[in-house]
Structure formats: structure tokens, C-alpha cells
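[1] fold the following, please.
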Amino acid sequence: MKLCDLAASLGCELKGDGALEITGVAGMERAGGTELTFLANPKYAHKVKQSGAGAILVSKPVDGLEMAQLLSANPYVDFARALELFYQPPRPAAGIHPMAAVAASAEIGENASIGPFAVVGEDVIIGRNAVIRPHVVIYEGVRIGDDFYAHSHATVREFCQIGNRVILQNGVVVGGDGFGFAKRADGTHYKIVQSGVTVIEDDVEIQTLTSVDRATVGETRVRRGAKIDSLVQIGHACEVGEDNIICAQTGLAGSSVLKKNVLLAGQVGISGHLTIHDNAIIYAQSGIGGDVPAGAVMSGSPAFEAREWLRAITAFPRLPEILKRLRELEKRAGVTNAAD
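    From the prediction side, this is the model:
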């Protein structure tokens with residue numbers, strides 16, 4: 001594809017040789033002379049002139065740069081759009097494989113593809129253009145919208161509801177039992193039936209080996225546009241808000257509520273029955289034990305305001321030295337045991 005055509009397709013302003021033939025896209029360090037790269041984060045600007053790319057997506061012109069530039073309002077998004085022009089994941093042909101097990105009472109929308117060893121239970125409804133890869137299991141009574149894509153070994157449990165354009169990566173479990181047990185007088189545990197469901201709204205993607213538990217009563221809900229990374233645990237009766245980003249190895253205890261545009265970095269732990277309000281950001285490995293106000297940026301375990309946490313963590317390695325100096329000062333002042 002000529003660079004001028006690529007610029008027109010992306011709606012970007014071109015500075016440079018529009019006749020350059022672009023054969024693909026790549027990261028800044030690996031891109032070659034016929035490939036497009038991007039600069040989304042200004043802190044990597046010093047690497048631009050070291051790149052061998054033929055062209056680059058940037059938010060504003062870079063002076064003294066020999067390669068062609070595409071001026072974009074959002075280089076990262078336009079890089080993703082460009083990537084789609086050069087690579088599309090394979091899509092299996094429409095039809096139900098003879099080795100799939102699809103219940104006679106199931107309703108399957110037009111143009112669906114159901115692979116070998118997939119199982120679709122009784123009274124399931126699946127919309128148009130679904131792709132169900134081998135070894136996917138859809139339990140009884142499930143309702144799924146259009147353009148659903150389930151990779152191998154994903155499971156959707158009984159009576160759960162899934163919206164349009166939802167993607168489940170390999171090994172995802174939607175609607176597994178919540179972790180609910182009542183302790184008897186003798187110390188043994190009595191299993192509480194998990195009678196609720198899990199609801200996944202439109203445009204949600206859930207990545208590999210993540211579990212979204214069903215509720216004990218009522219529902220667990222993941223709202224529109226949320227993106228959930230691999231190895232995440234969403235406990236029973238939780239609510240994940242619109243456009244949330246939840247990164248790998250994060251865990252939400254039961255009845256946690258996340259409002260709009262919350263970002264949870266990797267390995268965050270959320271205790272149950274609390275609310276994280278709109279636009280909050282929780283840094284990696286933080287432990288959240290209470291409500292978080294809108295727009296807050298938190299870090300640490302237990303978590304507190306991130307700027308204060310950075311000051312505290314900077315001082316932490318010096319605590320033995322500080323304590324030693326404090327004791328020396330107390331000794332000079334005639335104070336004893338105050339620092340012990």
C-alpha cells in the first residue's frame with residue numbers, strides 16, 4: 001500500500017514521500033524501511049531518529065527527521081487501525097462442524113461458525129456471525145448477541161447473558177460458581193447454591209484464563225466496553241463499570257462495585273462490598289480495603305494517595321539510618337526508649 005493511500009485511509013496529514021510502498025507495521029526498534037511505526041509516548045521521542053522505519057505516526061511534526069511522518073490526533077489508535085489493514089486473524093468458514101454437539105432446541109444465528117467438539121446446550125440463543133472455536137462449552141439457557149467470538153476452552157455457564165461483539169479468549173469461564181460457603185457449628189462448610197447469573201454487556205473483551213463468577217442471588221455484571229486481562233478473578237455479585245481496564249492477576253472480592261473508566265493495574269486486590277468511583281486509577285500491587293473517591297490515584301498495600309506513597313517508598317530504605325540518627329539525638333537529649 002502506498003503511504004499516501006494509507007494516510008488517506010487513516011485520515012492523517014502526510015509529510016514526506018507519499019509514493020513510498022508500505023508493506024506492514026512494526027514497533028520503533030524493529031521497523032524496516034518499508035514499514036510504519038508510531039510514537040505515542042513523548043518519553044520515547046529520543047528513539048525516533050534511531051528507528052529504521054519508512055514512516056511514523058506522530059501527534060506533531062518531529063524536526064530533523066528523515067522518514068515520512070503521518071500526523072495523527074491519536075497515533076496509538078491509528079497504529080491499531082493501520083495494523084488491521086495488513087493483518088486479519090483467520091476466521092473459520094460458516095457452518096456447524098459435524099463433530100460439534102448442538103442441542104436441537106438451540107437457536108443459532110445466520111453466518112455462525114461452530115467448531116469441532118464445541119458444545120451448545122438446550123434452549124441456547126446465539127446471534128448472527130458468531131465464531132465458536134473447538135472445545136467451547138455453552139451451557140443450558142444462555143443468551144448471546146451478535147458477533148460473539150469464543151476461543152477454544154472458553155465456557156459460558158447456565159442462564160448467563162452476553163451482549164453484542166463480546167470476545168472471550170482461551171480458557172475464560174463466565175458464570176462459574178461464586179465462592180460461597182456457610183460454616184456449620186462443627187466447623188465444616190455447607191455449599192451455598194449460586195442461583196444468580198453473570199451478565200456481560202456489549203463490546204467487552206475478557207482475556208485468557210479469567211473467571212467472572214455468577215452471583216449467589218441477583219447478578220454479576222460487566223458493563224459495556226470493559227476490557228479484562230488474563231488471570232483476573234471477578235467475584236460473585238461484582239459490578240465492573242463501563243470502559244474499565246483491569247490488568248492481569250487482579251482480584252475482586254464479592255460485591256465490589258467499579259464505576260466508569262476505572263483502571264486497575266496488575267496484581268491489584270480489592271476487598272469486598274466497596275465502591276471505586278469514576279476515573280480512579282489504582283497502581284500495580286495495591287491493596288484496596290475501602291471506598292475510593294472519583295478521580296483518585298492510589299498505590300501501596302494498604303493503598304493511599306499515590307504521590308504520598310511515592311514519598312513514603314523513597315524514604316522506606318532509609319528507615320534504619322533514620323532510626324539510628326533519631327536514637328543518637330535522643331541519647332544526646334537525655335531521652336530514653338522513645339524510639340524503641
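[2] just give the number of residues close to Asp5.
    Residues near Asp5, counting by other C-beta atoms under 10 Å, number 13. C-beta coordinates here come from the backbone N, C-alpha and C atoms, glycine included.
[3] SS state for it?
    Of the three states, Asp5 takes helix under DSSP: H, G, I helix; E, B strand; the rest coil.
[4] you'd agree Tyr190 is up against Gly180?
    No: taking contacts as C-beta atoms under 8 Å, Tyr190 lies outside contact range of Gly180: 9.7 Å.
[5] so for the two, which residue has more residues nearby?
    The residue with more neighbours, out of Tyr190 and Gly180, is Gly180; 19 against 9, by other C-beta under 10 Å.
[6] how much space is there between that one and Ile228?
    In this view, Gly180 and Ile228 are 22 Å apart by C-beta to C-beta, to the nearest Å.
[7] please apply the same query to His189.
    29 Å.
[8] between those two, which one's more packed in?
    Ile228 (24 against 10).
[9] quick check: that one touching Val204?
    Yes: Ile228 is in contact with Val204 according to C-beta under 8 Å; the separation is 7.5 Å.
[10] common neighbours of those two, please.
    Shared contacts of Ile228 and Val204, defined by C-beta atoms under 8 Å, 6 or more residues apart in numbering, comprise Val222.
[11] for Pro42, give me the pLDDT.
    As predicted, Pro42 sits at a pLDDT of 81.
[12] need the contact list for it.
    By C-beta under 8 Å, 6+ apart, Pro42 has no neighbours at all.
[13] how close does it get to Lys331?
    Going from Pro42 to Lys331 by C-beta to C-beta gives 51 Å.
[14] same thing with Tyr44?
    From Tyr44 to Lys331 the distance is 51 Å (C-beta to C-beta).
[15] who touches the spatially closest residue to Glu110 that is not a sequence neighbour in this structure?
    Distances taken as C-beta to C-beta, 6 or more residues apart in numbering put Arg128 closest to Glu110, at 5.2 Å, once the chain neighbours are dropped. In this structure, Arg128 makes contact with Gly109, Glu110, Asn111, Ala112, Asp146, Asp147, judged by C-beta under 8 Å, 6+ apart.
[16] out of those residues, which is nearest to Arg165?
    Asp147 (4.5 Å; C-beta to C-beta).
[17] quick one, what contacts the closest one?
    Gly127, Arg128, Asn129, Ala130, Asn164, Arg165, Val166.
[18] you'd agree the third one is up against Asn111?
    Yes: counting by C-beta under 8 Å, Asn129 sits close enough to Asn111 to count as a contact (4.9 Å).
[19] circling back to that earlier point, so can I have a markdown table of the contacts of Asp147 showing distance to Pro320 and pLDDT?
    Below are those laid out as a markdown table (distance: C-beta to C-beta, whole Å; pLDDT from 0 to 100):
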| residue | distance to Pro320 | pLDDT |
| --- | --- | --- |
| Gly127 | 62 | 98 |
| Arg128 | 65 | 98 |
| Asn129 | 63 | 98 |
| Ala130 | 61 | 98 |
| Asn164 | 58 | 98 |
| Arg165 | 55 | 98 |
| Val166 | 52 | 98 |
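[20] just to revisit the earlier point, Asn129 and Asn111 - which one has more neighbours?
    Set Asn129 next to Asn111 and count neighbours by other C-beta under 10 Å: Asn129 wins out with 18 against 15.
[21] what residues does the more buried one make contact with?
    The contact partners of Asn129, by C-beta under 8 Å, 6+ apart, come to Gly109, Glu110, Asn111, Ala112, Asp146, Asp147, Phe148.
[22] again with Ala94
    Applying C-beta under 8 Å, 6+ apart, we find Ala94 in contact with Asn111, Ala112, Ser113.
[23] keep only those of the residues you listed that are in strands.
    With strands taken from DSSP state E, the overlap with the contacts of Ala94 comprises Ser113.
[24] for Ala294, state which of the contacts of Ala94 is nearest.
    Of all these, Ala294 sits closest to Ala112, with 41.4 Å by C-beta to C-beta.
[25] and the nearest residue to that closest one once chain neighbours are set aside, how many neighbours?
    Spatial nearest neighbour of Ala112, excluding adjacent residues (C-beta to C-beta, 6+ apart): Ala130 at 4.3 Å. Here the number of neighbours of Ala130 (other C-beta under 10 Å) works out to 24.
[26] any idea how far the residue nearest in space to the middle of the chain is from Asn261?
    For the chain, the residue nearest the mean C-alpha position is Ile228 (3.1 Å; C-alpha atoms, centre = their mean). In this view, Ile228 and Asn261 are 14 Å apart by C-beta to C-beta.
[27] just Asp17 next, same as before
    40 Å.
[28] before we move on, what about Ala248?
    19 Å.
[29] domain-wise, how is the protein divided?
    3-86, 95-308 (automatic domain parsing).
[30] good, wrapping up.
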